[in-house]
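Asker: Next one to model:
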Amino acid sequence: VQLVESGGGLVQPGGSLRLSCAASGFPFSSYAMNWYRQAPGKERELVAWITSTGESTKYADSVKGRFTISRDNAKNTVYLQMNRRKPEDTAVYFCYTYDLRRLRDCWGQGTTVTVSS
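Answerer: Numbering: from 1, shown residues only. As a prediction, the model looks like this:
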């Protein structure tokens, strides 16, 4: 299983950014996918979750109405569209799934997002 995030960077408050996570090594279209984030000095937290088909999604209260998770099973990619960014969104963002075959957690290397003027 390999998860590779991209799209992080510096964005001004109120701006938008889209993260991508390219997956390989497992049947992507059969797996739910998640985005987590970890801010400096804080624990890693779940940001958004999407089912294998993309029909259902869930969000942390702190990002509801501002972030959108989506996926393209033909491209083996999951996205996180982040709008109306706030300074407290500054964090390293990670892609995550649970490998049902090997019964283990699978994390990407993370991509850093900084919200600052």
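
Asker: What's the first helix or strand after the helix or strand of the chain with the lowest mean pLDDT?
Answerer: Using mean pLDDT, DSSP states H and E, strand 9-11 stands out as the lowest-scoring helix or strand of the chain, at a mean of 90. Under the assignment DSSP states H and E, the closest C-terminal helix or strand after strand 9-11 is strand 17-24.

Asker: Strand 17-24 and whichever helix or strand comes after that next one, what's the angle between them?
Answerer: Moving toward the C-terminus from strand 17-24, the next helix or strand (DSSP H and E) is strand 33-38. If you take axes from the mean of the first three to the mean of the last three C-alpha atoms, to 10 degrees, strand 33-38 sits at 120 degrees to strand 17-24.

Asker: Buried residues in the least confident helix or strand of the chain, which are they?
Answerer: Val11 (16 or more other C-beta atoms under 10 Å). The way it works is simple: take the backbone N, C-alpha and C, and place the C-beta from them, glycine included.
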